[in-house]
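**Q** this is a predicted model, with the sequence first.
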Amino acid sequence: MALALASCTTTQAEFAKKPSAVSKAALCKTALETTDPAFQFQLVSEVTRRGMNMLQCQQMVIQQQQAAAALIAIAVVGTAVAVCANNNCGGGSYYQPRRYPGNCYSPNDTAADGTRCGNRSAMSRPGGW
């Protein structure tokens with residue numbers, strides 16, 4: 001996403017080649033970010049030629065940054081949901097049982113050696129819950 005925002009600028013060479021081919025978004029973002037006063041003057045002149053002013057440019061860049069931030073937030077939430085779905089992150093009253101050596105939690109479990117746990121299970125012992 002950061003790469004997409006960074007690519008929304010223009011270079012002096014691209015601008016010099018054909019100023020009208022540069023998008024408004026790239027024009028505005030570059031005009032606001034450049035530290036070269038001569039290049040900035042050329043960019044602002046092109047912005048004005050297109051019937052815009054720098055305040056409108058600034059608002060356009062802010063809107064794009066907000067939209068990008070919203071997309072990032074959606075991607076982060078989507079990733080979290082996917083990770084949770086794959087790792088059983090459920091909430092509410094879901095209880096994840098504790099692991100016991102040999103998998104002997106209930107009498108019906110199978111121990112590590114392949115035998116049924118029976119009375120060796122944690123549930124079969126006093127206070128085994």
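**A** That came through fine.

**Q** how about the helices in this structure?
**A** For the chain, the helices identified by DSSP state H occupy 2-6, 12-17, 24-33, 37-49, 54-87, in order along the chain.

**Q** now the second one, how far from the centre of its chain.
**A** To tie it back to what came earlier, the one meant is helix 12-17. In terms of Cα atoms, centre = their mean, to the nearest Å, the centre of helix 12-17 is found 33 Å from the chain centre.

**Q** in that helix, what's buried?
**A** Judged by neighbour count (16 or more other Cβ atoms under 10 Å), helix 12-17 contains these buried residues: residue 15. Backbone N, C-alpha and C define where each C-beta goes, glycine included.

**Q** what of the fourth one?
**A** In terms of neighbour count (16+ other Cβ under 10 Å), helix 37-49 has its buried residues at 39-40, 42-44, 46-47.

**Q** hmm, back to that, which of the helices of the chain comes out lowest on mean pLDDT?
**A** Mean pLDDT across the helices of the chain is lowest at helix 2-6; the value there is a mean of 44.

**Q** counting neighbours, what do you get for residue 30?
**A** 23 (other Cβ atoms under 10 Å).

**Q** ok, now residue 56?
**A** Here the count is done by other Cβ under 10 Å, and residue 56 has 14 residues near it.

**Q** next, the contact list for it, please.
**A** residue 28 (Cβ atoms under 8 Å, 6 or more residues apart in numbering).

**Q** got a markdown table for the helices of the chain, with distance to residue 110 too?
**A** Supplementary listing: those in a markdown table, determined by distance: least, Cβ to Cβ, whole Å:
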| stretch | distance to residue 110 |
| --- | --- |
| helix 2-6 | 50 |
| helix 12-17 | 68 |
| helix 24-33 | 62 |
| helix 37-49 | 72 |
| helix 54-87 | 24 |
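
**Q** residue 108: which of those helices is closest?
**A** Go through the helices of the chain one by one with Cβ to Cβ and the one that ends up closest to residue 108 is helix 54-87, at 25.5 Å.
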